[in-house]
Every structure is written in C-alpha cells, then in structure tokens.
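Asks: Just the structure for this:
(one chain, ligands or ions: 1)
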Amino acid sequence: MTETAYCFKKLGLAADHVGLEFKALIGKSLQAMGFTIVDYGVAEKSESRVDYPDYASLLAAAVSTQEVEAGIAICGTGLGMAIVANKYPRVRAACIWDEYSCRMSRQHNNANVLCLGGRTLNSFRSVELTHLWLKTAFAGEQHTVRIEKIDKIEKNLLNPIRNR
Ligand code: RB5
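Replies: Next up, the predicted model:
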C-alpha cells in the first residue's frame, strides 16, 4: 500500500513571486485532471516581490478550516511556506525535494500541505512530485499514534518526555 488513487480532490494552491510560474503549471495540470483548485495567490499577473507568509497563511487557514482538503505551496525553497503553514492547527506541511521525501511525507507524516521550491526543482519535477504526493496514501498503523501525538502537542496536551 503506497500509491493509490488520488487522495484529495479539492486543493488549494499558493505561491510567492518565486513560485508563481510553478503554481500556474501545477494548477493547469491538476485542473486538466478534474481536481477542484482554489488559488490563494499570489495572482499570476503579479510582477512585484511579495512576502511568502501572506500567501502561506491564506492557504494554511483554508486547510485548517477544511475549506480545501490539502494544499500545495511554492516559494524559493518551500521552507518558508512550510514554516508558516505549520503554525496553523491541523496543518502538517512538508517541504520535499525528491521521491523519497515526497512519499514519506504522505506515508509517515500524513502531510496535508506539500511545499515545493521554485529554485530547488525544475518545473517538470515540481509537477511530477505533486502527482506522486497526491497519489501516496498515509500508511496508518504505528504512524497514526505519532500523528495523534502531534495533535496533542498542538493542543498543549503532551509534555516533552525528559530524562530518557
Ligand atoms: C524569496 O526570495 C525567498 O526568500 C522565498 O521565496 C522563500 O524561499 C522563503 O522561504
């Protein structure tokens, strides 16, 4: 059990000025396959530099409130988008860079926001890895307990284990 049918149908996309081109490509590719896409910006015509926290926030809030099932966020490295998105409840954003990190982010971490680097991947790879991510299912089993611990940390219900 690794790759299955696509895991999500309604997706949010967000990018800063660096990720704008990949966002358009990924969006077109997904729309052509019948996904429902909500674009949280930055707008395609934007020519100026923007701040990634603004767009990561719009997307992460939508994932957090289940306005969309999952999200794809692109900035220069994907790192800034992930840092911001992970501030939001119920968001598990993962910055991936190859097939292995892509698969693991779904199988083990049940990531619901995919973060990609516009400066670390080429456009073909960004589309290819997006499809791989969307087709890779959460593995459950022992990983479910770990995700539940993340939920508890978020709710301040889990204290760090000391003296191990
Ligand atoms: C913008 O230059 C860059 O800092 C941004 O796209 C992103 O990589 C931040 O993490």
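Asks: quick one, what contacts residue 24?
Replies: Listed by C-beta atoms under 8 Å, 6 or more residues apart in numbering, the contact set of residue 24 reads residue 44. (C-beta placed from N, C-alpha, C; glycine too.)
Asks: That one is in what secondary structure piece?
Replies: Element membership of residue 24 [criterion: DSSP states H and E] is helix 20-32.
Asks: and that helix, what's its mean pLDDT?
Replies: Per-residue pLDDT over helix 20-32 has a mean of 98.
Asks: List the pairing partners of the helix or strand following it within its sheet, with orientation.
Replies: Next in sequence after helix 20-32, counting helices and strands by DSSP H and E, comes strand 36-39. Using DSSP bridges, strand 36-39 pairs in its sheet with strand 10-15 (parallel).
Asks: sorry, back to before: extract the C-alpha set from the helix holding residue 24 and format it as CSV.
Replies: C-alpha atoms of helix 20-32 as CSV (Å, rounded to 0.1, in the frame of the first residue of the first chain):
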residue,chain,number,x,y,z
LEU,A,20,4.3,31.8,-9.3
GLU,A,21,5.3,30.0,-12.5
PHE,A,22,5.2,26.5,-11.0
LYS,A,23,1.9,27.3,-9.3
ALA,A,24,0.4,28.0,-12.7
LEU,A,25,1.8,24.9,-14.3
ILE,A,26,0.7,22.6,-11.4
GLY,A,27,-2.7,24.3,-11.3
LYS,A,28,-3.2,23.7,-15.1
SER,A,29,-2.1,20.1,-14.8
LEU,A,30,-4.4,19.4,-11.9
GLN,A,31,-7.4,21.2,-13.4
ALA,A,32,-7.0,19.2,-16.6
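Asks: List the buried residues for it?
Replies: Of the residues in helix 20-32, 20, 22, 23, 25, 26, 27, 30 count as buried by neighbour count, 16 or more other C-beta atoms under 10 Å.
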